[in-house]
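1. Below are the sequence and a predicted model; questions follow.
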Amino acid sequence: MFVVHIQIHVKPEFVEAFKVATIANARASLKEPGIARFDFVQQQDDPTRFALVEVYRSIEANAAHKETNHYKTWRDIAEPMMAGQRTRVMYTSVFPEDKGW
């Protein structure tokens, strides 16, 4: 499994709109065969900060995700709402072992 953690800081006036757009993207993303999990979380002590935890079946599935219409739509809507550049850290799953989720 290939795991990506994305940190996003959103301008306060866009928090609710960002949540709507990101939930729509997450729902569509879960329909992709290469995505095993797609979590969207909001920081408890700062509601303008979010994280995406995306679990892909392969590195290629991550690249395919970025070519989907729902991702491109989300990117175009969400980027102007962000208070800065989103950050991304990529991981390889150690446990649980790949069981084909």
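-> It's in. Numbers count the residues shown, from 1 in each chain.
2. which stretches of this protein have low pLDDT?
-> 97-101 (pLDDT under 70).
3. max-length helix in it?
-> Looking across the chain with DSSP state H, the single longest helix is helix 15-29.
4. List the buried residues in it.
-> 18, 21-22, 25-26, 28-29 (16 or more other CB atoms under 10 Å). For every residue, glycine as well, the C-beta is placed using N, CA and C.
5. ok, now stretch 80-94?
-> In stretch 80-94, counting by 16+ other CB under 10 Å, buried: 81-82, 86.
6. can you list contacts of that stretch?
-> With contact meaning CB atoms under 8 Å, 6 or more residues apart in numbering, stretch 80-94 is reached by 1-11, 14, 17-18, 21, 48, 55.
7. Can you tell me the SS state at E67?
-> Following DSSP: H, G, I helix; E, B strand; the rest coil, E67 is assigned to coil.
8. Now do the phi/psi pair for T73.
-> phi -60, psi -50 (degrees, to the nearest 10).
9. Grab the nearest non-local neighbour of the residue positioned nearest the centre of the chain.
-> The centre of the chain sits closest to L52, judged by CA atoms, centre = their mean, with a distance of 3.8 Å. Once flanking residues are discounted, L52 sits nearest to I6: 4.2 Å by CB to CB, 6 or more residues apart in numbering.
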